[in-house]
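**Student:** Fold the following.
(2 chains)
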Amino acid sequence: MSATSTLRRPTDATEPPPKRIGFGGRLSRWDLRLSPYLYISPFFILFFVTGLFPLVYTGWVALHDWDLIMGQGEFVGAKNFTDVLGGRDFWKALGNTFSIFLLSSVPQVICAITIAALLDANLRAKTFWRMGVLLPYVVAPVAVSLIFSNLFADKYGLINSMLGLVGIDPIGWHAQRLPSHIAIATMVNFRWTGYNALIFLAAMQAIPRDLYEQASIDGAGKVRQFLSVTIPMLRPTIIFIVITSTIGGLQIFDEARLYDQFGRGGADGQWQTLTILLYEQGWTRSNFGRASAIAVLLFLIIVVIGLINFLVTRLISSAEVKR
Amino acid sequence: MQPTRRTITAAVATTAMTLSLAACGGDGDDGDSNQDGSTEADGQITLSVATFNEFGYEELFTEYESLHDNITIEHVKADTADNARDALRNSLGADSGAADIEAIEIDWLVEFMQYPDKFEDLAHAEVEGRWQDWKVEAATTEDGKLIGYGTDNGPQAICYRADLFEEAGLPSDREKVAELLEGDWQHYFDVGKEFVAASDAAWFDSANATWQGMINQVEVAYQDPSGEIIATTNPEVKALYDAVLAAAVDDELSAGLGQWSADWNDGFQQSSFATMLCPGWMLGVVEGAAEGVDGWDVANVFPGGAGNWGGSYLTVPAQGEHLEEATALATWLTDPEQQIKAFEAKGTFPSQVEALESETLLGSTNAFFNEAPTGQIFVDRAKAITFQPYKGPDYFSINTALQDALTRVDVDGTDDAQTSWDKFVSDVEALG
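**Tutor:** Numbers count the residues shown, from 1 in each chain, chains lettered A, B, ... in the order given. Below you'll find the model as predicted:
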C-alpha cells in the first residue's frame, strides 16, 4: 500500500486539487489508511497497559518511600538510587549476574552448535535424538534447581563425593563465589542447550547442500567444512541466539533463588543476582522504593547491552556484505 | 453511504480484543479469589490454610472435613518460615492471594502487627483465657484487637544421640545427660570439647541453630521498645556472637551445616553431630530428617536455664472471602483438645493453658526418641521460662542479617568472625 501511495504522490502534485469527495469516499480513504493501524492496535494497547505503564510507574515508585503493604510514602527524590548505588550489594549482584551470564551463555552457544552439527549428520533414529536433546527443556526449572542444589551440596552432595573418589578436595559449591556461579550456570545450560541446538539444527538444514559438495571437491575435511561453511552460514542465527540468551541471562532468577533453602543468594551474596536483590529489597524487606530503583537500573543496563548487541550485529552484517 | 465493511470489522475487532483482554484481567482476579476459597453452587466451601515446617494438622483437617460436610480444606505448606513470611507479605501487599488462614511465627508477628487492618479481629469471648497471658498479649494491638490465635510454643530441651555419647564415653541415660549439661552456655560448649576429642562427630549442628537458643534468652536484643535499633551496639549481642563462633569454629564444635539446607538434612543421616537445640516443634523435624537413624533422645535440660524458640499463631487475613468459616476453623484448630492431637502428631507444644494440664500431654512419650516422656519434659521446660524477650518490628530482618553473618563464618568459611561482624553492621545500617 505504501508503494502505491508513493507512486501516486508526484502525479497528485501536478494535477489540480481533486473534486470534493463525498463523506463515504472520505471514509473509505480513512479506512484504507487507518485500518492497518487499527488491526495492529490491540498489541500496542496491550503493550501500553502491561508493559509501558508499569515501566513508567516503576520509575515513579523509585522516587518515593514505598512500603509493600502500606503503599506510597514520602517523595524522596534520588535517595533510593544513591542508597542502591552506594551499597555493596548492588555492585556484587551486578558482577554475579554478568559472571553467571557469561558462564552460561558462552559454553551454551558452543555446545549447542556442536550438538546441532552432530545431529545434522546422518544418524539412525534421527527424531529420537532430536527430541532427546529437548527433554531437559521440558523439565520445570524448579525441579531442575532442586535436583542440582542437592547434587551441588557442599558436604554431602553427589558431585563432591565423586570428586572425593578421584582424590580432589570438596569444592564449596555454595560457600565460594565462582563455584556457585558455575553450578547455577550448569542448571541454565542443562535447560537451554538442547533448545538452542534445535534452533541451530533448523538453520543448518537450510544451508544448501551443494556448498558442502563444492567444499569437499576442493578437498575440505569435515572440520574445515564446519568452520568455513556451516559457521558463516549460521551467522544470523548465532546473533539471534546471543540476543535471546543475553536477555534471559540478565534476568536469571529461578535457578539462583532455588539454589539454597533461603533464596537470598547466599549468606555473603555469593550468587545474588540483580533480580534476586530486587526481590529481596521489595518483598523480604518491604522496601518497594529501593526495589524499583534497582528495576530501573536493571532496565538501563539491558538497554545499554541491547545497544551494544545492535551495534555488533550491524558490524557483522556489514562485514558480510563486504565479502 | 454506510461505513465500509472493513472499517466496521476493524473497529469491532479492536473493541472485541480490548474487551476480551479486560475480561481476561477479570477472570484472572476471579481465579485468584478462587484460590482463597470458593463457594460452589451446592454450598461447598474451600478453606485454604497456609503453614510452614510441621504443624501436625494433616489429620485434624481430615477430621474437620468429616465433621463439616460442606467444607474442604486445602493445605498450603511452605518449607521454611522465611518463605511463608515472604508469601504472606506479598499477598497482603497485593490485597489478594492470601490463604483463609495464615500461620505467623512469633519472630515476625510484631512486624505484621504494624498492619492490624489487614487482619480480622479474632477477640471473641469464647476463646478468652484459652492461652497463656504472654501469648495473647504478644498478638494484641494497643487498641485491643487480637490478630492471631496461639498454636504452639517452643520451649526448648536438648536432643542428643545416646549412641554417640556412649561411644565417646559420656553418660547416655537421659537423666544423667540432663545433669551433665546443667549450666550455662560455656558449660555446654566445654562438655562439647570433651565430646569432640573422643568422637568423629561434631557437638552441634550449626552456629545458626545454637544462636536461636542464645538470642531468645536476651530480654532486649536488637531493638528497644522505643524502636531504636541497638543490634550493633548491644554488648550482650556481640558477646554471644563471639562466644558461639569461638565454640563453633575455633573449638570445632559445629558440624557447619547451615540450618534447613540440603546438607543439614543429610547430616542427620550421616550422624555428623551429637546434640541440637530442640524446641517442641523440632521433634517432628528431627524424626523426619533422621528417619531410620537410631539413638536420638531428649534431655530435660537447656543451657542458660530455659528459653522459647518459635511458636506460632493462626491469623485470618481480612481479604478472605469466608472470614466467618475461617475464624471457626482457627478456633477449632487452636482448641486445647486439637492442639494435643497436633502435639502427638508432630510434637508442637501447646500454648493453651488447659492443654498444659492435660493427662494426654503429661503422659505422652515419643517412640522415635527412645520413648522419652516428651510431654513431661516440655511442660517442665515451659514452666522454667521466666520472661519473654521483646522483639521489635525489625527483629526478623536483623536476625536474618545476623544469621547470615554466622553462616559466613561457620558454614561457608568466607569470613572470620570480625570481618563478618563488620558486614553485619553495614547490613543493619542499610536496613533503614
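
**Student:** For chain A, what's the nearest residue on the stretch 251-400 of chain B?
**Tutor:** Per Cβ to the nearest Cβ, B:D266 is where the stretch 251-400 of chain B lies closest to chain A, at 3.8 Å. To be clear about C-beta, it is placed using only N, CA and C from the backbone, and glycine gets the same treatment.

**Student:** helix or strand for that residue, which one?
**Tutor:** Following DSSP states H and E, one finds B:D266 within helix B:262-269.

**Student:** And B:I104, by the same measure?
**Tutor:** Element membership for B:I104 (DSSP H and E) is strand B:101-105.

**Student:** and the helix or strand following that strand, what other elements does it pack with?
**Tutor:** Using DSSP H and E, the helix or strand that follows strand B:101-105 towards the C-terminus is helix B:106-113. In terms of contacts (3 or more Cβ pairs under 8 Å, 6 or more residues apart in numbering or on different chains; DSSP states H and E), helix B:106-113 is packed against helix B:81-94, helix B:133-138, strand B:308-315, helix B:395-407.

**Student:** how does it look with 10 Å?
**Tutor:** In terms of contacts (3 or more Cβ pairs under 10 Å, 6 or more residues apart in numbering or on different chains; DSSP states H and E), helix B:106-113 is packed against helix B:81-94, strand B:101-105, helix B:133-138, strand B:148-161, strand B:308-315, helix B:395-407.

**Student:** Turn the ones you listed into CSV, including mean pLDDT.
**Tutor:** Listed next are the helices and strands packed on helix B:106-113 as CSV, based on pLDDT from 0 to 100:
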stretch, mean pLDDT
helix B:81-94, 89
strand B:101-105, 95
helix B:133-138, 88
strand B:148-161, 94
strand B:308-315, 92
helix B:395-407, 94
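
**Student:** Go through those and name the closest to B:G280.
**Tutor:** The closest of the helices and strands packed on helix B:106-113 to B:G280 is strand B:148-161. By Cβ to Cβ, the value is 6.1 Å.

**Student:** Near A:T244, how many other residues are there?
**Tutor:** Close neighbours of A:T244, defined as other Cβ atoms under 10 Å in any protein chain shown, add up to 15.

**Student:** Next one: it relative to chain B, how far apart?
**Tutor:** 26 Å (Cβ to the nearest Cβ, to the nearest Å).

**Student:** so which strand or helix has that residue?
**Tutor:** Assessed by DSSP H and E, A:T244 sits inside helix A:235-250.

**Student:** For the residue in chain A positioned nearest to chain B, give me the pLDDT.
**Tutor:** The minimum distance from chain A to chain B, using Cβ to the nearest Cβ, falls at A:G24 (2.8 Å). Predicted confidence (pLDDT) at A:G24: the value is 77.

**Student:** The stretch 1-150 of chain A: helices as residue ranges?
**Tutor:** With DSSP state H, counting those that start in this stretch as the criterion, the stretch 1-150 of chain A has helices at A:2-14, A:23-47, A:53-61, A:79-86, A:88-120, A:126-138, A:141-151.

**Student:** Could you export those helices as TSV, including mean neighbour count and distance to A:V166?
**Tutor:** Shown next, in TSV, are the helices of the stretch 1-150 of chain A (neighbours: other Cβ atoms under 10 Å in any protein chain shown; distance: least, Cβ to Cβ, whole Å):
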stretch	mean neighbour count	distance to A:V166
helix A:2-14	8	67
helix A:23-47	14	54
helix A:53-61	14	50
helix A:79-86	18	44
helix A:88-120	19	22
helix A:126-138	13	26
helix A:141-151	17	16
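
**Student:** possible to save these as TSV with distance to A:L158?
**Tutor:** Converted to TSV, the helices of the stretch 1-150 of chain A look like this (distance: least, Cβ to Cβ, whole Å):
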stretch	distance to A:L158
helix A:2-14	61
helix A:23-47	45
helix A:53-61	41
helix A:79-86	38
helix A:88-120	21
helix A:126-138	18
helix A:141-151	5
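
**Student:** Of all these, which one comes closest to B:D173?
**Tutor:** helix A:141-151 (36.9 Å).

**Student:** is any part of that closest one close to chain B?
**Tutor:** Yes - judged by Cβ under 10 Å from any Cβ of the partner chain, helix A:141-151 comes into contact with chain B at A:146, A:149-151.

**Student:** Please parse chain A into its domains.
**Tutor:** Recorded structural domains for chain A (assignment: automatic domain parsing) are A:2-61, A:79-322.

**Student:** Could you list which residues are in contact with B:P225?
**Tutor:** By Cβ atoms under 10 Å, 6 or more residues apart in numbering or on different chains, the contact set of B:P225 is B:390, B:392.

**Student:** Could you dump the helices and strands packed on helix B:106-113 into a markdown table and include mean neighbour count and distance to chain A?
**Tutor:** Formatted as a markdown table, the helices and strands packed on helix B:106-113 follow (neighbours: other Cβ atoms under 10 Å in any protein chain shown; distance: least, Cβ to the nearest Cβ, whole Å):
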| stretch | mean neighbour count | distance to chain A |
| --- | --- | --- |
| helix B:81-94 | 20 | 4 |
| strand B:101-105 | 26 | 13 |
| helix B:133-138 | 16 | 20 |
| strand B:148-161 | 27 | 16 |
| strand B:308-315 | 25 | 14 |
| helix B:395-407 | 23 | 4 |
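
**Student:** Tell me which of the ones you listed approaches B:S271 most closely.
**Tutor:** strand B:148-161 (6.9 Å).

**Student:** which is the next helix or strand following that closest one?
**Tutor:** Note on strand B:148-161: by DSSP H and E, the next helix or strand toward the C-terminus is helix B:162-167.

**Student:** distance between the helix holding A:T244 and the chain's centre?
**Tutor:** Put simply, helix A:235-250 sits 6 Å off its chain's centre (Cα atoms, centre = their mean, to the nearest Å).

**Student:** And it, what's buried?
**Tutor:** For helix A:235-250, burial by neighbour count (16 or more other Cβ atoms under 10 Å in any protein chain shown) applies to A:237-238, A:241-243, A:245-246, A:249-250.

**Student:** Only C-alpha atoms, please: export it in CSV.
**Tutor:** Provided in CSV are the C-alpha atoms of helix A:235-250 (Å, rounded to 0.1, in the frame of the first residue of the first chain):
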residue,chain,number,x,y,z
ARG,A,235,25.7,-16.1,11.4
PRO,A,236,22.1,-14.6,11.6
THR,A,237,21.0,-17.5,13.8
ILE,A,238,24.0,-17.1,16.1
ILE,A,239,23.1,-13.4,16.5
PHE,A,240,19.5,-14.3,17.4
ILE,A,241,20.6,-16.9,20.0
VAL,A,242,23.1,-14.4,21.5
ILE,A,243,20.5,-11.7,21.9
THR,A,244,17.8,-14.0,23.4
SER,A,245,20.3,-15.6,25.8
THR,A,246,21.6,-12.1,26.8
ILE,A,247,18.1,-11.1,27.8
GLY,A,248,17.5,-14.3,29.6
GLY,A,249,20.9,-14.2,31.2
LEU,A,250,20.5,-10.8,32.7
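
**Student:** give me the low-pLDDT residue ranges for the stretch 51-200 of chain A?
**Tutor:** By pLDDT under 70, the stretch 51-200 of chain A has no low-scoring segment.

**Student:** 90 instead?
**Tutor:** Applying pLDDT under 90 to the stretch 51-200 of chain A flags the ranges A:51-52, A:54, A:66-74, A:77, A:86-89, A:105, A:120-127, A:129-150, A:155.

**Student:** how about the residues of it near chain B?
**Tutor:** Residues of the stretch 51-200 of chain A lying near chain B (Cβ under 10 Å from any Cβ): A:67-71, A:83-84, A:86-89, A:146, A:149-157, A:160, A:172, A:174-177, A:180.

**Student:** just to revisit the earlier point, could you check the angle helix A:141-151 makes with the helix holding B:D266?
**Tutor:** 50 degrees (axes from the mean of the first three to the mean of the last three Cα atoms, to 10 degrees).

**Student:** May I see the buried residues of helix B:262-269?
**Tutor:** B:262-268.

**Student:** quick one: least confident of these?
**Tutor:** When these are sorted by pLDDT, the bottom entry is B:A262 at 88.

**Student:** just checking, that residue touches A:A153?
**Tutor:** Yes - applying Cβ atoms under 10 Å, one finds B:A262 in contact with A:A153, separated by 4.4 Å.

**Student:** Could you tell me the end-to-end distance of stretch A:60-73?
**Tutor:** 12 Å (Cα to Cα, to the nearest Å).
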